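Student: Predicted coordinates and the sequence they were generated for:
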Amino acid sequence: MDAYRTPDDRFSDLPGFPFAPNYAETADGLRLHYVDEGDGPLVVCLHGEPTWSYLYRDVIAELTPDHRVVAPDFPGFGRSDKPTDRDAYTFDLHLGALRTIFEALNLTEATLVVQDWGGLLGLSYAARHPERIARLVVLNTFLPTGEAGEKSKAFLQWRRFVKARPDFPVSLIVRRGLSDASRLSEAEAAAYDAPFPTPASKAGAVAWPLLVPMSTDDPVAEAMRDTRRRLADWQKPAFVLFAPDDPILGGARSFFRELIPTASEQPDVAIDDASHFLQEEQGPQIAAHIRDFIART
């Protein structure tokens, strides 16, 4: 498939992101980028829309003194290849990319950290491959099945915005997803924009909001129902760690604590003073919670 590859010089000297690039390749020939830093218990961090592994830079920096952290970029994001045809972006494409990373690196006993679309994909992967996952950390995300009343007003506004402005500035969306936009410096904002210098490079960022099921017969809806069914029988540790002030997904905190049987065994912790991109605002605090969770389980 035709794909855009962001020039390497776009990623030079990004603030707080000194990590060397690593690459794997999908069966379709797409190059996937991932961060692989540190040594110790394995933590795999999955980004969402429209971010990339840069979102986890503070989490990576805090954990890598005594943990190994792998943070991939999904197709269409970060330093990974970006198919230019919006129709190329499917749930199966991304789930296959995640499978490629786990198999290429032979990742096992992973603490899987998910947020936003990283949750739809990561939780689906974990539910189907529990032999590779030791525990789950569920940040702000959801498993949408297209039911009426499932989507927040903020999400519907976001979806309309993307359809109307497919060349939207990524850093603007990140700023809008913070409780305090001033926390993001101009240089950090530029780092979120770095992977997306052209309209064609944003096809994946446009596709993800449009892939969220809007009715129960949407293609992704059955995969989400199946993931819910599987997670309802999950027996390994799970920690729900939400920023409840997120206007898009903050309300899903109780959904996951009730869905996953082992979630109620962990403390009911909220990440305050943060919104949708909680890793950007409270990365060190999230890393500390992850470290403690691994230690106690």
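Tutor: Yes, it's here.
Student: name the element residue 100 belongs to?
Tutor: helix 91-104 (DSSP states H and E).
Student: Give me the buried positions along that helix.
Tutor: The neighbour-count check on helix 91-104 (16 or more other Cβ atoms under 10 Å) flags 91, 93, 94, 95, 97, 98, 99, 100, 101, 102 as buried. Heads up, the C-betas are built off the backbone N, CA and C, glycines and all.
Student: sec struct for the residue nearest to residue 188 when sequence neighbours are not counted, please.
Tutor: The shortest distance from residue 188 to any non-neighbouring residue, by Cβ to Cβ, 6 or more residues apart in numbering, is to residue 15 (5.6 Å). When classified by DSSP: H, G, I helix; E, B strand; the rest coil, residue 15 comes out as coil.
Student: which residues touch residue 15?
Tutor: 185, 187, 188, 191 (Cβ atoms under 8 Å, 6 or more residues apart in numbering).
Student: how many other residues sit next to the second one?
Tutor: Meaning residue 187. 11 (other Cβ atoms under 10 Å).
Student: cool, and the one 3 residues further on?
Tutor: Under the neighbour criterion other Cβ under 10 Å, residue 190 is assigned a count of 13.
Student: what about it, helix or strand, and which?
Tutor: Secondary structure from DSSP H and E places residue 190 in helix 186-193.
Student: Please name every helix or strand in contact with the helix or strand harbouring residue 239.
Tutor: Per DSSP H and E, residue 239 falls inside strand 238-242. Packing contacts for strand 238-242, counted by 3 or more Cβ pairs under 8 Å, 6 or more residues apart in numbering; DSSP states H and E, involve strand 133-138, helix 253-259, strand 269-270, helix 278-296.
Student: Flag every buried residue along that strand.
Tutor: 238, 239, 240, 241, 242.
Student: before we move on, what about stretch 221-229?
Tutor: Per 16+ other Cβ under 10 Å, stretch 221-229 contains these buried residues: 221, 223, 224, 225, 227, 228.
Student: can you list these in a markdown table and add pLDDT?
Tutor: Shown next, in a markdown table, are those (pLDDT from 0 to 100):
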| residue | pLDDT |
| --- | --- |
| 221 | 97 |
| 223 | 96 |
| 224 | 97 |
| 225 | 97 |
| 227 | 98 |
| 228 | 98 |
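Student: want to throw these into a markdown table with secondary structure and distance to residue 250?
Tutor: As requested, these are exported to a markdown table (DSSP: H, G, I helix; E, B strand; the rest coil; distance: Cβ to Cβ, whole Å):
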| residue | secondary structure | distance to residue 250 |
| --- | --- | --- |
| 221 | helix | 22 |
| 223 | helix | 24 |
| 224 | helix | 19 |
| 225 | helix | 23 |
| 227 | helix | 20 |
| 228 | helix | 19 |
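Student: Just give me the closest of the contacts of residue 15 to residue 122.
Tutor: residue 191 (22.8 Å; Cβ to Cβ).
Student: Apart from its neighbours in sequence, what residue is nearest the closest one?
Tutor: That would be residue 14: by Cβ to Cβ, 6+ apart, it lies 4.3 Å from residue 191.
Student: I'd like to know how many residues surround the one you found.
Tutor: Residue 14: 17 neighbours (other Cβ under 10 Å).
Student: What residues does it make contact with?
Tutor: Contacts of residue 14 (Cβ under 8 Å, 6+ apart): 54, 187, 191, 194.
Student: what number of residues lie near the last one?
Tutor: This means residue 194. That count, for residue 194 with other Cβ under 10 Å as the rule, works out to 22.
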